[in-house]
Every structure is written in C-alpha cells, then in structure tokens.
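Student: with the input below, show me the fold.
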Amino acid sequence: MKYIFTILILLLIISCKKIEPKELIGSWKMRDVIDQSGQNATDKTTFYHGDSLIMEMFANKKLVEKQNGKYKFDTISNIIQIEVGNAKISNIKVLKLTDSEMELLYEKQKKTTRFIRTE
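Tutor: Numbering: from 1, shown residues only. Sure thing, here's the model as predicted:
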C-alpha cells in the first residue's frame, strides 16, 4: 500500500510540472496543418524575449503574410494571450511545452493544435 501511495504522489508531482516561459521563446511551426487550398500552406510563429512575436503564413514555401504582435504568458494558468494589431486572440491554453513540441488548446474552437520547433 505504501508503494502505491508513493507512486501516486510521484505521478501527481510530475503532472503538475510548471511550464517555463523561456521554453516558449523561439520559432514554432504548426505540425498538423489541414491544407484545403492545395497550396502547401504552413504557419510559423516566433516568440521573442519580452513580449513580441511574429506570425508568418507561407504558401508553396513563399511568404504570403507576416504580422507583428505582442503576447502575454500567464505561467499560473498556462494561458497565452496574443494581440496582433487591434485583434486579440485570448485563452490559448498551453497543454504541453517541451524543447521540441508544443500543444495548444484554442478555447473558442475547442480544438488542440500541435507545433514543432523550427530554426
């Protein structure tokens, strides 16, 4: 019984790992892009130290749109709030964040999107 209790405590500690904001810094490319345009579309977001970011859209490996914005990362709730121009994208929950992979839950759409780190 002591071993089961110890294992449960360790699992609880591991699952409550705090996500470090510095792990967010860098470039992220959508992993599971559903491209219905037939143009080989991809999306890349780069987070910088401080609060700035750049969102880029590519079609057939050519840049078609680039937007500068700002972000806030609440490490207690693991929520990212993004502001691009006058548009605010809020309540993006970080479910997973490692050196190579990030998984976000967009609450308005109720869907999860996975990203991989790029150069």
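
Student: return the residues in contact with the nearest residue to Ile25 once chain neighbours are set aside.
Tutor: Distance criterion CB to CB, 6 or more residues apart in numbering; nearest residue to Ile25, sequence neighbours excluded, is Phe47 at 5.4 Å. Yep, even glycine has a C-beta here, placed from its N, CA and C like the rest. Listed by CB atoms under 8 Å, 6 or more residues apart in numbering, the contact partners of Phe47 are 24-26, 28, 53, 71.

Student: and for Asn78?
Tutor: Under the criterion of CB under 8 Å, 6+ apart, the neighbours of Asn78 are 19, 93-95.

Student: tell me the pLDDT of it.
Tutor: Note on Asn78: pLDDT of 90.

Student: for it, grab phi and psi.
Tutor: Here is the backbone geometry of Asn78 (degrees, to the nearest 10): phi 60, psi 40.

Student: from Leu97, how far off is it?
Tutor: In this view, Asn78 and Leu97 are 8 Å apart by CB to CB, to the nearest Å.

Student: next SSE after the longest strand seen in the chain?
Tutor: In the chain, taking DSSP state E as the definition, the longest strand is strand 62-74. The helix or strand immediately downstream of strand 62-74 is strand 79-84, counting by DSSP states H and E.

Student: burial measure for the closest residue to Arg117 other than its chain neighbours, as a count.
Tutor: Distance criterion CB to CB, 6+ apart; nearest residue to Arg117, sequence neighbours excluded, is Ser100 at 5.1 Å. Residues near Ser100, counting by other CB atoms under 10 Å, number 7.
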